[in-house]
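In: take a look and give me a structure for this.
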Amino acid sequence: MSTDATDLSPAPAGLDKRDWIAGLERGVSIIEAFDDAHPRLTASQAGERTGMTRTAARRYLLTLQHMGYVASDGKLFWLTPRVLRLGQSYLDSARLPRIVQPFLQRVAAGTSEIAYLSVMDGDEVVYIARNGPNRSMSTGYVLGARVPAQVTAAGMLMLALRSDAELAGWLATRQLQVFTSHTIASMERMKLELARIRAQGWALSEQQLDLNSRGIAVPLRDRHGTLVGALNITMPMGHESSEDAVARVLPVLRETAQAMRNLI
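Out: The predicted structure follows:
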C-alpha cells in the first residue's frame with residue numbers, strides 16, 4: 001500500500017503518535033483551503049495551499065467528492081452545501097449556543113437591536129448565536145459568520161482580555177488588515193485601544209469593517225470567571241451618537257452577561 005511522505009510527519013505537541021491520524025488532518029486542510037479568494041481549485045492549487053503533492057491532494061479531493069463534500073468538472077473542484085453539515089453539527093450539539101438564546105432574545109427585546117454570542121477561533125470572531133428584530137436582520141452577521149477579530153468590538157474585547165504574554169505574542173506576530181479609513185492600522189494605536197478596552201471592561205468599534213456598522217461588546221464569563229465568549233450588539237451608524245448608543249445598550253448587555261454566569 002502506497003504511503004505519502006507526510007504520513008511520517010510527527011504528531012503535534014501534546015498528542016501521542018499512536019493517537020495521531022495525519023490523514024484526517026490533511027482531509028480537513030483540503031476543505032479549509034477553499035475561501036472567498038479561492039472558491040475553485042485544481043488539484044495542484046489545493047496541494048500548494050496545503051503543502052501536499054498534487055497526487056496526494058487529488059486523492060483527498062476525489063474522496064471528498066465521493067462523500068459529497070466536493071464537486072468537480074474534471075479539472076476544478078469546489079465545495080458543496082454538504083460542508084455546512086459540519087458547522088450545523090456544532091450548533092446543534094454545543095451547549096453554549098442553546099443556553100444563551102433566551103438571553104439574546106432578552107437583549108434584542110430590550111434594545112431593538114441584533115444581539116450575538118461570539119467566540120474566538122484563531123484570529124477570527126465566529127458568531128455562534130444571534131437574535132434580533134426582523135427589520136434589522138439585513139444589517140448584521142449571519143449565524144456562523146467569521147470576521148477578523150481586530151475590527152470588531154467582540155474580537156478586540158477578547159484580545160484585550162488575554163494574558164499579557166498571549167496578547168504580546170499576538171501583537172508581535174500579526175499584521176493589521178485595513179478595511180476602511182476608520183480601521184485601526186497602527187500597531188501602537190491598537191495597543192493603546194486594547195489597553196483602554198481591558199481597563200474599562202467593554203468595547204466599542206465603529207466603521208472599522210463596514211462604514212455603516214457599530215458594535216458594542218461585553219465579556220461573557222462562566223461561574224468560575226473564565227472568559228467563554230463575548231455578548232455583543234451590532235447596529236447601523238447614524239441614528240444616534242456613540243455616547244447615546246453606549247448609554248442605551250451597555251447596561252442591558254452587562255446585566256444579561258451577569259445573569260448568565262451561574263448557568264455556564
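
In: tell me which residues form a beta bridge with Leu227?
Out: Note on Leu227: beta-bridge partners Arg221, judged by DSSP bridges.

In: strands of the stretch 151-264 of the chain, start to end?
Out: When secondary structure is read from DSSP state E, counting those that start in this stretch, the stretch 151-264 of the chain shows strands at 203-206, 213-221, 227-236.

In: for the longest one, give the mean pLDDT please.
Out: Model confidence over strand 227-236, given as mean pLDDT, is 94.

In: mean neighbour count and distance to Val100 for the strands of the stretch 151-264 of the chain - can I get that in a markdown table?
Out: The C-beta positions use only the backbone N, C-alpha and C, and glycine is treated the same way. Conversion of the strands of the stretch 151-264 of the chain to a markdown table gives the following (neighbours: other C-beta atoms under 10 Å; distance: least, C-beta to C-beta, whole Å):
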| stretch | mean neighbour count | distance to Val100 |
| --- | --- | --- |
| strand 203-206 | 23 | 18 |
| strand 213-221 | 25 | 8 |
| strand 227-236 | 24 | 8 |
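
In: closest one to His182 among these?
Out: strand 203-206 (6.6 Å; C-beta to C-beta).

In: returning to that earlier point: need the strands of the stretch 151-264 of the chain in CSV (columns: distance to Gly51).
Out: Rendered in CSV, the data for these read as follows (distance: least, C-beta to C-beta, whole Å):
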stretch, distance to Gly51
strand 203-206, 35
strand 213-221, 36
strand 227-236, 32
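
In: Thr55 is nearest to which of those?
Out: strand 227-236 (41.4 Å).

In: what inclination does the closest one have with respect to strand 213-221?
Out: Here strand 227-236 points in a direction 160 degrees away from that of strand 213-221 (axes from the mean of the first three to the mean of the last three C-alpha atoms, to 10 degrees).

In: what packs against strand 227-236?
Out: When contacts are defined as 3 or more C-beta pairs under 8 Å, 6 or more residues apart in numbering; DSSP states H and E, strand 227-236 sits against helix 95-111, strand 114-121, helix 153-160, strand 213-221, helix 242-260.

In: what's the domain layout of this protein?
Out: Taking the TED database as the domain assignment, the ranges for the chain are 17-81, 94-261.

In: dump the worst-scoring helix or strand of the chain on mean pLDDT to CSV, restricted to CA.
Out: With mean pLDDT, DSSP states H and E as the measure, the helix or strand of the chain carrying the lowest mean pLDDT is helix 84-93 (a mean of 82). Taking Å, rounded to 0.1, in the frame of the first residue of the first chain, the C-alpha atoms of helix 84-93 are listed here in CSV:
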residue,chain,number,x,y,z
LEU,A,84,-22.5,23.1,6.0
ARG,A,85,-23.4,20.0,7.9
LEU,A,86,-20.1,20.2,9.8
GLY,A,87,-20.9,23.6,11.2
GLN,A,88,-24.5,22.7,11.8
SER,A,89,-23.4,19.7,13.9
TYR,A,90,-21.6,22.1,16.2
LEU,A,91,-24.6,24.4,16.5
ASP,A,92,-26.9,21.5,17.2
SER,A,93,-24.7,19.8,19.7
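
In: and it with helix 95-111, angle?
Out: Relative orientation of helix 84-93 and helix 95-111, computed by the same axes, to 10 degrees: 80 degrees.
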